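J.: Pasting the sequence and the predicted model now:
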Amino acid sequence: MTVLRIYNENDPVNPVTVTEDSAEIATLLNEKGVRFEHWPTRTLEAGASQDEILEAYAGEVERLKGECGFTTADVVSLSPAHPDKDAFRQKFLSEHRHVEDEVRFFVGGQGLFYLHMEDKVYVVLCQQNDLISVPDGTTHWFDMGPEPSFTCIRLFSNPEGWVADFTGSDIATRFPAFEDLVQ
Ligand SMILES: CSCCC(=O)C(=O)O
Ligand SMILES: [Fe+2]
Ligand code: NI
């Protein structure tokens, strides 16, 4: 179940809001310009290829491309067996921003997005069928946990794909990690 926790940036221990109500999560995120939707489940064979996944969700991907001007889409998938899972986890675990919206659709699995917006940190546990779009310039980080298990469709308008501008802040080290929040 998708969960949203909202913290004051200076108090990573006591969230001011915790909700599992999808409609409330969407409302609270939309208020900050963060798109949050549930897409329908599309039937996929186990071990489906990137092209098969993108084909299955072609309708939604084309809609977002049309609405937001994205030009490319890819699929990122990690499992606990991935030899570089620790390096991948660290790559996203430092606060950064992008010059374009960060759009992620969870075909399967789950991951934690930490959105540092004004004086709050919105911690969103995204799971299967969740679509989140983090507005360009929003400082954020992502924790896939010690045993990552997710498949995400990513949409880009930047021809260079995933480019991050790290803020150099250590705020991510002060907030609860995936294993602290996800059972
Ligand atoms: C699920 S992709 C990992 C998250 C990400 O791309 C990012 O934080 O920039
Ligand atoms: Fe990012
Ligand atoms: Ni959900």
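T.: Thanks, I have it. Ligands and ions are numbered 1, 2, ... in the order given.
J.: Buried ones in the lengthiest helix in the chain, by neighbour count?
T.: Ranked by residue count, the top helix of the chain under DSSP state H comes out as helix 58-68. Using 16 or more other Cβ atoms under 10 Å as the test for burial, helix 58-68 gives 60, 61, 64, 65. To be clear about C-beta, it is placed using only N, CA and C from the backbone, and glycine gets the same treatment.
J.: per-residue confidence for the residue of the chain most remote from its centre?
T.: Largest separation from the mean C-alpha position in the chain: residue 45, at 23.4 Å (Cα atoms, centre = their mean). pLDDT, residue 45: 90.
J.: repeat for the one 10 residues further on
T.: The predicted local distance difference test score for residue 55 is 96.
J.: What is the three-state secondary structure of it?
T.: helix (DSSP: H, G, I helix; E, B strand; the rest coil).
J.: For it, give its distance to ligand 1.
T.: Noted for residue 55: a distance of 20 Å to ligand 1, by Cβ to the nearest ligand atom, to the nearest Å.
J.: Got the phi and psi for the residue in the chain that ligand 1 sits nearest to?
T.: Per Cβ to the nearest ligand atom, residue 142 is where the chain lies closest to ligand 1, at 3.6 Å. With angles defined as degrees, to the nearest 10, residue 142 sits at phi -140, psi 140.
J.: give me the number of residues near it?
T.: Residue 142: 23 surrounding residues under other Cβ atoms under 10 Å.
J.: pretty sure it contacts residue 112?
T.: Yes - assessed by Cβ atoms under 8 Å, residue 142 is found in contact with residue 112 at 6.8 Å.
J.: Just the helices from the chain, written as ranges.
T.: Ranges of helices in the chain, per DSSP H, are 22-30, 50-56, 58-68, 85-92, 171-174, 178-181.
J.: now check the last one, is it near ligand 1?
T.: It refers to helix 178-181. No - using Cβ under 6 Å from any ligand atom, we find that helix 178-181 stays clear of ligand 1, coming within 12.2 Å at best.
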